[in-house]
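Student: Next one to model:
(one chain, ligands or ions: 2)
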Amino acid sequence: MKPVNSVYAGLGTTIFEEMSRRARETGAVNLGQGFPDDPGPLDVRERAARAVVEGWNQYPPMLGLPELRQAIAAHYRHWQGLDLDPEREVMVTSGATEALAGALLALIEPGDEVVLFAPMYDAYLPLVRRAGGVPRVVTLEPPRFALDEAALAAAFSDRTKAVLFNDPLNPTATVFSREDRALLARFCVAHDAIAICDEVWEHIVFDGLRHESLIAEEGMRARTVKIGSAGKIFNLTGWKVGFVCAAPELLGTLAKAHQFLTFTTPPNLQAAVAYGLSKEDAFFEGLRADLARSRDRLAAGLAALGHRVLPAQGTYFLNIDIAGTGEDDVAFCRRLVSEHGVAAIPVSAFYPGGEVRSVVRFCFAKRDETLDTALARMAGA
Ligand code: PMP
Ligand code: GLN
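Tutor: Ligands and ions are numbered 1, 2, ... in the order given. Model prediction:
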């Protein structure tokens, strides 16, 4: 038989799937893959259930239900001060993952360079490569994971077609500064590059922070593809309802990729997300406050066990630094799951070059009992 595609042939199963499987097999507490153990907001789920029963089950419009596209534009106007035309600048996809894949397929020509930042979400690199892009990876250094002008200057060139930028950043749980965004915008404008912005964690920021998108930076409105995910906004990670916002010239082409990838996204979920996005501020602030409490609970517990806990400004994640313990992150996570019954994620999985091997990620979007059980089991780890 002729060989299968080389990008996928050499890949393993994602670290998230591997750790969740190990947790199921061994009965471990799963603080690996990022998903809440609560079922999510009841009224939003009821809305989806009712939509199924009432008959929202046939193909919806390719770009998404009009009421959802309007709700997305209104939501971003309210929360981020953005001015988006729901008819021409907003599209619904099957999760942020489809939006990312579609954007790369639609924008990249074989041989185009794509600037990426490590640590990076593990889907990025295979998607860039399969789209024919040539990755140019900039490594962000702990503990701040900030952008560095010299590193950007080395990565960007006339061949740069796009940059893939995740803010807030999974797995570091950090938020880029205003200066970082302005710096990146300057490079995009100077090199005529498109920014594909993965902002799935935009609502999950703590301690009074407010998300600001790269699309709002000078010169970026026409060259940014802003990607969001209802899965993260509503703590319903399995729903896979994503949003893409971009100027009409870009969105038109992104829609061509979308029409032949998934074409649409389940209409019942779209109807429920439209309902959810229109909820009052207190709802979103409540979700955020609950997560911040869980973050603090896990952080305090891990610190009491003697771990060096890194700051977490956003996302579902909290990291510990195990440098100096004589063990790397993969060995630590294997031991943690097999000997202590707690699954976590080795952050080296997010560094294609394996540059950092001393950070371990825990998901705190869990009930108090789940976190307390994990902490009790980790005593001595
Ligand atoms: N990008 C990042 C940075 C993520 O953390 C995730 C999921 N955790 C996704 C994309 C995927 O989002 P979705 O489930 O909507 O496809
Ligand atoms: N984004 C989730 C995480 O970082 C995982 C999603 C997945 O398993 N693909 O844990």
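Student: can you map out the helices along this protein?
Tutor: 6-9, 15-26, 42-54, 66-80, 95-107, 124-130, 149-155, 178-190, 230-233, 248-259, 267-277, 281-304, 329-339, 368-378 (DSSP state H).
Student: With respect to ligand 1, which of those lies nearest?
Tutor: Closest to ligand 1 of the helices of the chain, according to Cβ to the nearest ligand atom: helix 95-107, at 2.8 Å. No exception for glycine: its C-beta is placed from N, CA and C like everyone else's.
Student: That closest one and ligand 1, any residue contact?
Tutor: Yes. Using Cβ under 6 Å from any ligand atom, helix 95-107 reaches ligand 1 at Gly95, Ala96, Thr97.
Student: so which of the residues you listed is the most crowded?
Tutor: Highest neighbour count within the residues of helix 95-107 next to ligand 1, by other Cβ atoms under 10 Å: Ala96, with 25 neighbours.
Student: wait, doesn't it sit right on Ser229?
Tutor: Yes. Ala96 is within contact range of Ser229, at 4.1 Å (criterion: Cβ atoms under 8 Å).
Student: For this protein, what lies in contact range of ligand 1?
Tutor: Residues of the chain lying close to ligand 1 by Cβ under 6 Å from any ligand atom are 34, 95-97, 121, 166, 170, 198, 200, 229, 231, 237, 240, 242.
Student: okay, those residues in JSON lines with pLDDT next?
Tutor: Formatted as JSON lines, the residues of the chain next to ligand 1 follow (pLDDT from 0 to 100):
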{"residue": "Gly34", "pLDDT": "95"}
{"residue": "Gly95", "pLDDT": "98"}
{"residue": "Ala96", "pLDDT": "98"}
{"residue": "Thr97", "pLDDT": "98"}
{"residue": "Tyr121", "pLDDT": "94"}
{"residue": "Asn166", "pLDDT": "98"}
{"residue": "Asn170", "pLDDT": "97"}
{"residue": "Asp198", "pLDDT": "99"}
{"residue": "Val200", "pLDDT": "98"}
{"residue": "Ser229", "pLDDT": "98"}
{"residue": "Gly231", "pLDDT": "98"}
{"residue": "Thr237", "pLDDT": "97"}
{"residue": "Lys240", "pLDDT": "98"}
{"residue": "Gly242", "pLDDT": "98"}
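Student: Those also near ligand 2: which ones?
Tutor: Among the residues of the chain next to ligand 1, the residues that sit close to ligand 2 (Cβ under 6 Å from any ligand atom) are Gly34, Asn170.
Student: Ligand 2: which of the residues of the chain next to ligand 1 is nearest?
Tutor: Set against ligand 2, the nearest of the residues of the chain next to ligand 1 by Cβ to the nearest ligand atom is Gly34 (3.1 Å).
Student: For the closest one, give me its contacts.
Tutor: Gly34 is in contact with Phe16, Asn170, Thr237, Thr315, Tyr316, Phe317, Cys363, Ala365, counting by Cβ atoms under 8 Å, 6 or more residues apart in numbering.
Student: what does Gly81 give?
Tutor: Gly81 is in contact with Ala216, counting by Cβ under 8 Å, 6+ apart.
Student: ok, now with 10 Å
Tutor: By Cβ atoms under 10 Å, 6 or more residues apart in numbering, the contact set of Gly81 is Arg210, Glu212, Ser213, Ala216.
Student: burial count for the nearest residue to Leu65 once chain neighbours are set aside?
Tutor: Distances taken as Cβ to Cβ, 6 or more residues apart in numbering place Gln270 nearest to Leu65, at 4.5 Å, with adjacent residues excluded. Using other Cβ under 10 Å, Gln270 has 26 neighbouring residues.
Student: overlap in contacts of Ala96 and Ser229?
Tutor: Listed contacts common to Ala96 and Ser229 are Asp198, Glu199, Val200, Lys240, Val241, Gly242, Phe243; contacts here mean Cβ under 10 Å, 6+ apart.
Student: Just name the closest of those residues to Ala303, please.
Tutor: Nearest to Ala303 among those, counting by Cβ to Cβ, is Val200 at 27.8 Å.
Student: Distance-wise, check the nearest residue to the closest one once chain neighbours are set aside relative to Thr13.
Tutor: Closest residue to Val200 apart from its sequence neighbours, by Cβ to Cβ, 6+ apart: Ser229 at 4.0 Å. Going from Ser229 to Thr13 by Cβ to Cβ, to the nearest Å gives 22 Å.
Student: Looking at those two, which is more packed in?
Tutor: Ser229 (25 against 8).
Student: From Cys188, how far out is the more buried one?
Tutor: 23 Å.
Student: can you tell me the residue of the stretch 251-381 of the chain closest to ligand 1?
Tutor: Among all residues of the stretch 251-381 of the chain, Thr315 sits closest to ligand 1, at 7.3 Å; criterion: Cβ to the nearest ligand atom.
Student: That residue against Arg295, yeah?
Tutor: Yes. Counting by Cβ atoms under 10 Å, Thr315 touches Arg295, with 9.4 Å between them.
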